[in-house]
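In: Give the three-dimensional model of this entry:
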Amino acid sequence: MSDVVAIARSWIGTPYRHQGSRKGVGCDCLGLIRGIWRERYGEEPETPGAYGMDWAERSGEERLYLAALRHFGDPVPVASMAPGDLLLFRWQEGASAKHLGILSGPGRFIHAYEQAGVIESALVPSWRRRVAWVFRWAGDSVLDTEWRSVTIVRKVSTMKPSLALRGKEEAIRELAARRRTANPRVFGSVLHGSDKDGSDLDILVDALPGTTLFDLGGLTEDLTELVGIPVDVRTPQELHERFRDTVLAEARPV
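Out: You can find the predicted model right below:
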């Protein structure tokens, strides 16, 4: 196992505290990374100073990315990510990367956020497509063969999405509201009658004021557990402009 992953897992359960970085006491996503750095290398190379919750998102300043370049070196390709790697997430195109996590295994990562503290989450599509950069720690012990030999096992069936959806519409609406989203709709192969065993269920939702990556990632996990097949949750802004209008016109309310 990567020693970075082992250290990160020792932080699980630490409460959320903005700008904190003390295991078992409180930290935010940056504080988690700072704590791992101290356990591996000793003294931190710099202190971040005061920072807001938005991480200069409106100004477009890439503070996290520039700091990672200074202390980790050049990023590695997203397709080459391995356990222990540092992940930087971007909420939407044109916004600054403002969230950090540690890849802990196939389809899993460890991070801290306000509603839950330090936890290990599934790297569901809503999270994976927002990975902006991947950085590797110097001297991490993970072996490339260890990562590539792992088989990802998903506790889902291969039922057709149209069948998995039946009778669960009300529960889907309730979960969407709980995750600060609205107007859940079905789009894609289910609408066209072309869904097959093993296909994803495509759900479109509207983000509300205050909706975050944590809400969309959590909703994806909730819906996957509910229907028993992989679910891909998207907002209209994530649809490609070439087919966005068509999808919005065709999408069917759940």
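In: okay, now the residue lying closest to residue 230 once chain neighbours are set aside: neighbour count?
Out: Excluding the flanking residues, the one nearest residue 230 by C-beta to C-beta, 6 or more residues apart in numbering is residue 200, at 4.6 Å. Any C-beta I mention is one placed from the backbone N, CA and C, and that applies to glycine too. By other C-beta atoms under 10 Å, the residues close to residue 200 number 17.
In: Would you mind measuring from residue 200 to residue 176?
Out: Distance, residue 200 to residue 176, by C-beta to C-beta, to the nearest Å: 17 Å.
In: likewise residue 196?
Out: With C-beta to C-beta as the criterion, residue 196 and residue 176 are 25 Å apart.
In: Looking at these two, which has the bigger crowd around it?
Out: Using other C-beta under 10 Å, the more surrounded residue of residue 196 and residue 176 is residue 176, with 24 against 10.
In: Is that one in contact with residue 182, as I believe?
Out: Yes - Residue 176 sits in contact with residue 182 when judged by C-beta atoms under 8 Å, with a separation of 6.8 Å.
In: Can you pull the residues that touch both of those two?
Out: Residues touching both residue 176 and residue 182 by C-beta atoms under 8 Å, 6 or more residues apart in numbering: residue 205.
In: what does the average pLDDT come to for the helix or strand residue 112 falls within?
Out: Using DSSP states H and E, residue 112 sits within strand 108-113. Across strand 108-113, pLDDT averages out at 95.
In: hmm, who's touching it?
Out: Strand 108-113 is contacted from outside by 5, 8-9, 11-12, 14, 16, 27-29, 31-32, 87, 99-104, 118-123, 127, 212, 214, using C-beta under 8 Å, 6+ apart.
In: mind exporting that strand as PDB, just the C-alpha atoms?
Out: C-alpha atoms of strand 108-113 as PDB (Å, rounded to 0.1, in the frame of the first residue of the first chain):
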ATOM      1  CA  ARG A 108     -11.800   5.800  -4.200                       C
ATOM      2  CA  PHE A 109     -10.300   8.900  -2.700                       C
ATOM      3  CA  ILE A 110      -9.800  10.500   0.700                       C
ATOM      4  CA  HIS A 111     -10.700  14.200   1.300                       C
ATOM      5  CA  ALA A 112     -12.300  16.600   3.800                       C
ATOM      6  CA  TYR A 113     -15.400  18.600   3.400                       C
END
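In: Can you name the element that comes right after it?
Out: strand 117-122.
In: Partner strands of that next one and their direction?
Out: Applying DSSP bridges, strand 117-122 is found paired with strand 108-113 (antiparallel).
In: Work out the gap between the partner strand and the centre of the chain.
Out: Put simply, strand 108-113 sits 8 Å off its chain's centre (C-alpha atoms, centre = their mean, to the nearest Å).
In: measure residue 81 to residue 121 for me?
Out: Note on residue 81: its distance to residue 121, by C-beta to C-beta, is 15 Å.
In: how about the helices in the protein?
Out: 3-10, 29-41, 63-72, 125-128, 144-148, 161-165, 169-178, 189-192, 213-227, 244-250 (DSSP state H).
In: Please name every helix or strand in contact with the first one.
Out: Applying 3 or more C-beta pairs under 8 Å, 6 or more residues apart in numbering; DSSP states H and E, one finds that helix 3-10 makes contact with helix 29-41, strand 97-105, strand 108-113.
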